[in-house]
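Asks: Kindly generate the corresponding structure for this input.
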Amino acid sequence: MKGVLVTDVSAGPETATASRIAGIITQGRRVALAATDALGEVGLREETWRILHTLSVGTGLPMSDLAGNLALPAATATRCVDELVGSALVYRTASPEDARQVIACLSRLGAEKLERANAVLDARGILRSE
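Replies: As a prediction, this is how the structure comes out:
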């Protein structure tokens, strides 16, 4: 992803900082739009990809932790995980520490889907640092 961050340091440090933040937000939106388009090719949305990615780096997370880590409303995280469970990409299990707590875990099929999605993102240059 190529883009130019415009900063105007001649107007003072507060303006320069605000300009940097605006540029970062703009660049983030460009990346998100490109990622959304690419993820659609493999049948994922940005939220579902983020859930699969987050679950791929551990052994599972309670729903409240998953929602918090991704800055998603709890209802959105639950709806997305329900969708992923329905597609066998994620499964739920009881926490080994507290059987009353439910943990969301990445399935083997979910790991394969994530790998395909990441390959598409990489092919489009979205995962590469520039």
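Asks: Just confirm L109 is within a strand.
Replies: No - using DSSP: H, G, I helix; E, B strand; the rest coil, the assignment for L109 is helix, not a strand.
Asks: Can you give me the neighbour number for the closest residue to it other than its chain neighbours?
Replies: The spatial neighbour of L109 that comes closest, neighbours along the chain excluded (Cβ to Cβ, 6 or more residues apart in numbering), is A88 at 5.1 Å. The C-beta positions use only the backbone N, C-alpha and C, and glycine is treated the same way. Using other Cβ atoms under 10 Å, A88 has 12 neighbouring residues.
Asks: how does this protein divide into domains?
Replies: What automatic domain parsing lists as the domains of the chain is 1-40, 43-123.
Asks: ok, T54 to A74 distance?
Replies: 15 Å (Cβ to Cβ, to the nearest Å).
Asks: picking that back up, can you flag the weakest of the domains of the chain by average pLDDT?
Replies: Looking over the domains of the chain, mean pLDDT reaches its minimum on domain 1-40, with a mean of 76.
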